[in-house]
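Chemist: Fold the following.
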Amino acid sequence: MPIGNLFKNCTYYWGFSSLISYFINHPLYTVPSTETQVYVGLSIYFFGELGNLSTHLAFKNMRPAGSKVRVIPKPNGNPFCALFNLVSCPNYTYEVLSWVGYAVMTQTFFSGLFALVGGAQMLQWALGKHRNYKKEFKDYPKNRKAMIPFIM
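Modeler: Numbers count the residues shown, from 1 in each chain. This next block holds a predicted model:
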């Protein structure tokens with residue numbers, strides 16, 4: 001990772017975590033009106049995190065150990081990896097989903113902004129990776145989108 005990205009990433013994560021924690025711990029913070037909202041947000045968060053983990057493990061296992069060979073990402077039988085049929089970067093899709101769940105659970109403006117800004121950055125990366133996959137593999141699935149199924 002380039003050193004410039006290190007500063008950008010640290011600023012993003014530390015800055016937003018400071019803002020979010022300030023408002024969540026503020027005496028005037030209004031908790032969600034029902035526990036259902038918290039449990040729904042938490043469920044979305046964990047679903048997204050499990051999907052993210054599953055796709056990262058699938059990416060890791062697509063390349064033989066010690067090899068630089070690149071292959072077209074495909075599902076591996078894990079239900080979370082079925083998203084490979086629809087998007088090139090399901091790990092980003094799942095990560096944004098988990099942060100949306102966090103925003104639902106905490107109901108703070110900055111949690112939502114964190115998910116939105118992170119999602120915009122991941123979409124930019126996904127579009128680049130998707131473009132590279134299409135250039136590199138002539139038989140790359142035509143109906144696959146970059147990060148958002150059926151849309152983009």
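Chemist: For the chain, which helix or strand comes out least confident on mean pLDDT?
Modeler: Least confident helix or strand of the chain, by mean pLDDT, DSSP states H and E, is helix 3-24 with a mean of 91.
Chemist: Which SSE is immediately downstream of it?
Modeler: For helix 3-24, the following helix or strand on the C-terminal side (DSSP states H and E) is helix 35-62.
Chemist: what packs against that next one?
Modeler: The helices and strands touching helix 35-62, judged by 3 or more Cβ pairs under 8 Å, 6 or more residues apart in numbering; DSSP states H and E, are helix 90-106. The C-beta positions use only the backbone N, C-alpha and C, and glycine is treated the same way.
Chemist: Just the C-alpha atoms of the helix it packs on, please, in PDB.
Modeler: Provided in PDB are the C-alpha atoms of helix 90-106 (Å, rounded to 0.1, in the frame of the first residue of the first chain):
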ATOM      1  CA  PRO A  90     -18.800  -9.000  -3.900                       C
ATOM      2  CA  ASN A  91     -16.400  -8.300  -1.000                       C
ATOM      3  CA  TYR A  92     -17.100  -4.500  -1.500                       C
ATOM      4  CA  THR A  93     -20.900  -5.200  -1.800                       C
ATOM      5  CA  TYR A  94     -20.900  -7.100   1.500                       C
ATOM      6  CA  GLU A  95     -18.700  -4.500   3.200                       C
ATOM      7  CA  VAL A  96     -21.000  -1.600   2.300                       C
ATOM      8  CA  LEU A  97     -23.900  -3.700   3.400                       C
ATOM      9  CA  SER A  98     -22.400  -4.300   6.800                       C
ATOM     10  CA  TRP A  99     -21.800  -0.600   7.300                       C
ATOM     11  CA  VAL A 100     -25.400   0.200   6.200                       C
ATOM     12  CA  GLY A 101     -26.400  -2.300   8.900                       C
ATOM     13  CA  TYR A 102     -24.200  -0.400  11.400                       C
ATOM     14  CA  ALA A 103     -25.800   2.900  10.400                       C
ATOM     15  CA  VAL A 104     -29.300   1.400  10.900                       C
ATOM     16  CA  MET A 105     -28.300   0.100  14.300                       C
ATOM     17  CA  THR A 106     -26.700   3.300  15.600                       C
END
